[in-house]
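1. I need the structure of the sequence given here:
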Amino acid sequence: MRELATGISLQIAVGFRRSIRPRFRKPILALAFSVMAFLTMPVACKSYWIDATVENDTGQAIHELEVDYPTASFGTNTLLPGAKMHYRIQIRGSGPVHVEYTGDDHKTWRQQGSDLAEHEQGQFTIRLMPQGKVEFLPKVDSAQ
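-> Reported below is the predicted structural model:
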């Protein structure tokens, strides 16, 4: 009987001890992960963005607008007179910005503008003027 009673009491004691450990470890592990996450926040990666705006000052609707920049492009089917289009871009690599669009007269206009490079951030305005003229107005800074 005594062996049986001792065995049962050991099982109860061992079982009780095991049930305490996981409950005790979880808050410590959670705290450790939280501290590690907090310490790595200042060295996290930063994304560099340029807020691009295309302004239609041509006096007519334009169609098939495409803006090409290093490694990507954006555009729209139609941009009404006086309208603006906003787009947020991220530059990979470096190179010039190209603009192409078709006017109401079905004439296609192409212009090459300023160069953009990786890790630049700021604003970039493209103003479409009459007779196919384009003003490129970059306000970007290198973040390195």
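2. going forward, measure contacts between C-alpha atoms and count neighbours the same way
-> Will do.
3. run through the strands of this structure in chain order.
-> 50-56, 62-69, 72-79, 84-89, 94-103, 108-117, 120-128, 134-142 (DSSP state E).
4. got the domain ranges for this structure?
-> Domain assignment of the chain by automatic domain parsing yields the ranges 2-43, 50-142.
5. before we move on, back to that, closest to Ser34 out of the strands of the chain?
-> Evaluated over the strands of the chain, closeness to Ser34 peaks at strand 120-128, with 31.2 Å, by Cα to Cα.
6. show me what counts as buried in stretch 58-72.
-> Across stretch 58-72, burial judged by 16 or more other Cα atoms under 10 Å covers Thr58, Gln60, Ala61, Ile62, His63, Leu65, Glu66, Val67, Asp68, Tyr69, Pro70.
7. picking that back up, least reliable of the domains of the chain going by mean pLDDT?
-> Here the lowest mean pLDDT among the domains of the chain goes to domain 2-43, at a mean of 58.
8. wait, Met129 touches Asp57, no?
-> Yes. When contacts are counted by Cα atoms under 8 Å, Met129 is listed as touching Asp57 (5.1 Å).
9. spatially central residue for this structure, please.
-> Ser47 (6.3 Å; Cα atoms, centre = their mean).
10. so how far is Pro70 from that residue?
-> Relative to Pro70, Ser47 is positioned 16 Å away (Cα to Cα, to the nearest Å).
11. over to Leu137?
-> Leu137 sits at a distance of 17 Å from Pro70 (criterion: Cα to Cα).
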